[in-house]
Structure formats: C-alpha cells, structure tokens
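Undergrad: Next one to model:
(chains A and B)
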2 protein chains.
Amino acid sequence: MSYAVLGTGMVGQTLAGKLDALGQPVAVGTRDPGATLARTEPDAMGNPPFARWHEQHPEVSLLPFAEAAAFGERVINATSGIAALQALEAAGAEHLAGKVLLDVSNPLDFSHGMPPSLDPVNTDSLGEQIQRAFPAAKVVKTLNTMNCLVMVDPARIPGEHDVFVCGNDAGAREAAVEMLLSFGWPRQAIIDLGDITGARGTEMVLPLWLRLMGVHGHADFNFHIDRAR
Amino acid sequence: MSYAVLGTGMVGQTLAGKLDALGQPVAVGTRDPGATLARTEPDAMGNPPFARWHEQHPEVSLLPFAEAAAFGERVINATSGIAALQALEAAGAEHLAGKVLLDVSNPLDFSHGMPPSLDPVNTDSLGEQIQRAFPAAKVVKTLNTMNCLVMVDPARIPGEHDVFVCGNDAGAREAAVEMLLSFGWPRQAIIDLGDITGARGTEMVLPLWLRLMGVHGHADFNFHIDRAR
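TA: Numbering: from 1, shown residues only, chains lettered A, B, ... in the order given. Next up is the predicted model:
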C-alpha cells in the first residue's frame, strides 16, 4: 500500500520513516521541495532539518503536495494543524477523492504564545473541517493524541495505552486499524469512536496533553481508558 | 474535618454520602431546602429525588448554600457547572474565604442539546473563574474527569487510572490529596498539574469522556496516563 505523508516536520518524518521501514512505498509532500531541502537550520522546536532525515531515507521521495498525494493510495495529513486545509488544497481534491485520508494533526494556534489555543472546539473539529472540504475523501482522525515517537512505536511506553480512531466510513476506519496494527498497536488498544465528530473529543484533549508534558518534562506518555467492563 | 457539599444532584449525593460514611460531618447546600425536599420526581437524568437519598442519610443536614458553606471547614462545589458561580455567590465569599474550595464541576451547557458545549475553553476555565470570583478561597480543581461513582470508589474499576489535582495553593492541593487518599485513591494515581490553569486541560477532556460514555454504553471507565518514566 503506497502512502503520501504530507508535512516534513517531526511527525511527517517519523510516520514516513516507519512506513518506509515496513516496506511501504512512501512519498513525502511539501509546498516547495527545493525550499524544504535548502533548509539547514533546526526548526522552532530544535529538530534537525528535513534534509538530514532525507539523507538517511533516500528511497523516500520528496514531492510537491499534489504529486505526493497523486502517488499515495493513502494520504496522511501530518502538517501542523493550522496549515492543514491549505496543504490539502495544494494536494488537490482530485488526488484525495476516494482515498483514505488519515488526519493526525491538531488545530493548535501557537501565534499567541504558549500554551497554544485550540480552534475549532465543541461543535466542530479540524477532522470535520477536512471532511467537509474534501467530501470525496474518507477522512479518519487518529494518532493525534500522542507524541509521534509513540505513534509508530507504542511499545516504547510499557503498560496499556490507547489510540483513538474516528471517521464516517467504516471501511476507512478499518484501513486505519490495519495501519495501526502494523505499527505495533494491539487491537484492544484501538478505540473506535464512530463518526468523524469524535475528533472534537480527541482534539480537545490536547491542552491536557500539553500540560502533562510540562509536568512530566517529557512526551513519553499516553492516554489509557481504563474500563470496568 | 467538616465539609459543605454544594449541590443536591447525583454528584453531591455521592460525595456527601462518602464523606459521611468516612465519619466527616457533612452539610449539603442548596438554594432552597424546602423546595429540594419537596421534589418527588426523578431528575432529568432519571436519578431519584434528593429526599429519598436524605431519608437514608438523616445525619447529613440540608441547608441553604450560605449556611452549609458557613458550616464546612472545606467546601465542595458539586453543582452543575453552569450554575456554579451563582451557587457560590449564594454561599457567600465570607464563608469561602481562607477555605479549601474543591471544584469538581464542568462548565457544560446542555441548553442546545447533546452533546453539550464546554465554555470557557483554551484561555480560561471554570476553575479559574471561581478562583477569580473568590480570591480568598483556595480553589482546587479535582475529580471532574470521571463519573461520581468512580470519584468515591476508584477500586470499582480494576487496573490503573488517575485523578488530576490543580490549584494555586500547594497546601490546598495537599488537602485535596488527603481527601482523595481517604476515598481510596492510591497516591501514585493522583497527578498534580500545578496551578489552577491546569483546569483548562482537565475540563476540555469532557467531550472525549462523553463520547466514550456513548461508545461504551456506561460510565465505568476512567483516564490513565501511562508513562515510560
């Protein structure tokens, strides 16, 4: 199964690297590949530039958003949430139509400093905005409630912890589950929240996640839903 | 340690009943005790009227908000979030000053149907609104991320699961921890999120909590933060 991973930051690198390691053909999408590769400075979070990652993953192609989206049978939105709709517009509705579109991003606005604000909330979510903007895509919101290293290596945290999946198309949710199983997620750790409006809940946990990261001093944790039955 | 529990719904009944069972003097506060006791119908959620609970707990006094708050060395806000500030105004700033004020409520607005909206979000929280409105009270937000039966009986859910505590006064947070320990919470399950702005995160998990309740078909679950270290 070929994948387009949109976004060249830590999340995109981590997901693309995992899929590549699993033997899936991967193209990473960006606005301007030349500009992305020309960057030599670490990003705002201190992560190394994409070019350094790409040297270690030469078999992963870096393409403009539209070419990457055209390449992937599945598309992953790993852009920063605030840029997601614009990136997906550049990817092109025609390259998303009929495909499973996995949205792992969060609509966090860092422009007013820390902590970031989440927008939309309550009656809408970024997952729903994406589904509305690309009605022919099969949007599944998943993996947005954890650090990217945990996304692709759940065993790095001992004990039980969970990943949420929601989307309007049951087959697309099952496709997401397959990918998660290939990442090492146990089936009982994958919680199906039903339709895409479930993204409201999973996006709104970000403020607690960010607070916990501050309290713990690291991002090596995840949510678990402990159930009586 | 005497307690005032403000609110006569399921949450107030459950907390007052637990504190009473632990041998703490408890007064339940309401707007109009006569009107509360006169109610013979179940509430909107189908819970039995307060009068029936009170028959089984005659040693717990039912008082107007101000008298209850004057009685308790500690005060618990167990009103519905949307009524909280009004109830605390009725309790009176002079009866809250210097006291630990435990806020277990969530600012959920059910007036537009299900699911409810959370307001405020992001840059404010009900916990902070209460602290600002009653600056001489020592507000601690806790227990608002779970069903009330879990609040007072964590062992009803097997496995590890957690409770969050935040507030500006470290001594008041420690008082909350003491109460939680007396409810049966293991110390390692009590996560200190620091100052009261942590309430933004714990209130904003409610949409996910409500979604999970719908998916599971029951409220016998709780959040656990699974950590690598």
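Undergrad: contacts and neighbour counts: CA atoms only from here.
TA: Will do.
Undergrad: Please enumerate the strands of chain A.
TA: With strands called from DSSP state E, chain A shows them at A:3-6, A:26-30, A:61-64, A:74-77, A:100-103, A:108-109, A:117-118, A:138-142, A:163-167, A:190-192, A:221-227.
Undergrad: Point out the residues in chain A that sit beside chain B.
TA: Chain A comes close to chain B at residues A:116-118, A:122-123, A:156-161, A:193-194, A:198, A:200-202, A:204-209, A:211-212, A:215, A:220-229, as judged by CA under 8 Å from any CA of the partner chain.
Undergrad: mind redoing it with 6 Å?
TA: A:117, A:122, A:157, A:201-202, A:204-205, A:207-208, A:220-228 (CA under 6 Å from any CA of the partner chain).
Undergrad: Pull out the buried residues from those.
TA: A:117, A:122, A:157, A:201-202, A:204-205, A:207-208, A:220-227 (16 or more other CA atoms under 10 Å in any protein chain shown).
Undergrad: all helices for chain A, in order.
TA: A:10-21, A:33-38, A:50-56, A:65-71, A:84-91, A:93-96, A:126-133, A:148-151, A:170-182, A:199-204, A:206-216 (DSSP state H).
Undergrad: Out of those, the one nearest B:Arg187 is which?
TA: B:Arg187 lies closest to helix A:206-216 among the helices of chain A, at 16.2 Å (CA to CA).
Undergrad: what is the rounded mean pLDDT of the closest one?
TA: Confidence for helix A:206-216, expressed as mean pLDDT, is 97.
Undergrad: Output that helix in PDB, but only the C-alpha positions, please.
TA: The C-alpha trace of helix A:206-216 is given here as PDB (Å, rounded to 0.1, in the frame of the first residue of the first chain):
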ATOM      1  CA  LEU A 206      -4.500  18.500  23.600                       C
ATOM      2  CA  PRO A 207      -4.500  21.100  26.400                       C
ATOM      3  CA  LEU A 208      -4.300  18.300  29.000                       C
ATOM      4  CA  TRP A 209      -1.600  16.500  26.900                       C
ATOM      5  CA  LEU A 210       0.500  19.700  26.700                       C
ATOM      6  CA  ARG A 211       0.100  20.300  30.500                       C
ATOM      7  CA  LEU A 212       1.100  16.800  31.300                       C
ATOM      8  CA  MET A 213       4.200  17.200  29.000                       C
ATOM      9  CA  GLY A 214       5.100  20.200  31.100                       C
ATOM     10  CA  VAL A 215       4.600  18.400  34.400                       C
ATOM     11  CA  HIS A 216       6.500  15.300  33.300                       C
END
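Undergrad: Tell me the helices and strands packed up against it.
TA: If contacts are counted by 3 or more CA pairs under 6 Å, 6 or more residues apart in numbering or on different chains; DSSP states H and E, helix A:206-216 sits against helix B:199-203.
Undergrad: Report whether the helix it packs on contacts chain A.
TA: Yes: against chain A, helix B:199-203 shows contacts by CA under 6 Å from any CA at B:201-202.
Undergrad: could you say what helices and strands that helix packs with?
TA: Right, helix B:199-203 is packed against helix A:206-216 by 3+ CA pairs under 6 Å, 6+ apart.
Undergrad: And the helix it packs on, what's buried?
TA: By neighbour count on 16+ other CA under 10 Å, the buried set for helix A:206-216 is A:206-212.
Undergrad: got it, and stretch A:92-103?
TA: Result for stretch A:92-103 [16+ other CA under 10 Å]: buried residues A:92-93, A:95-96, A:98-103.
Undergrad: Could you do stretch A:3-23 as well?
TA: A:3-20.
Undergrad: Contacts for it, please.
TA: Applying CA atoms under 6 Å, 6 or more residues apart in numbering or on different chains, the contact partners of stretch A:3-23 are A:26-30, A:68-69, A:72-79, A:148.
Undergrad: Point to the residue nearest the middle of chain A.
TA: Nearest residue to the geometric centre of chain A (CA atoms, centre = their mean): A:Val104, 2.5 Å.
Undergrad: phi, psi of the nearest residue to that residue once chain neighbours are set aside?
TA: Spatial nearest neighbour of A:Val104, chain neighbours left out: A:Asn144 (4.5 Å); criterion: CA to CA, 6 or more residues apart in numbering or on different chains. A:Asn144 adopts backbone torsions of phi -80, psi 0, taken as degrees, to the nearest 10.
Undergrad: Tell me the spacing between the nearest residue to A:Thr36 once chain neighbours are set aside and chain B.
TA: Excluding its sequence neighbours, the residue lying closest to A:Thr36 (CA to CA, 6+ apart) is A:Phe50, at 6.8 Å. Relative to chain B, A:Phe50 is positioned 27 Å away (CA to the nearest CA, to the nearest Å).
Undergrad: Can you dump the C-alpha atoms of stretch A:6-13 in CSV for me?
TA: Provided in CSV are the C-alpha atoms of stretch A:6-13 (Å, rounded to 0.1, in the frame of the first residue of the first chain):
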residue,chain,number,x,y,z
LEU,A,6,2.0,15.5,3.9
GLY,A,7,4.3,17.5,6.1
THR,A,8,8.1,17.5,6.6
GLY,A,9,8.3,18.1,10.4
MET,A,10,9.0,15.6,13.1
VAL,A,11,5.6,14.0,12.7
GLY,A,12,5.8,13.6,9.0
GLN,A,13,9.4,12.3,9.2
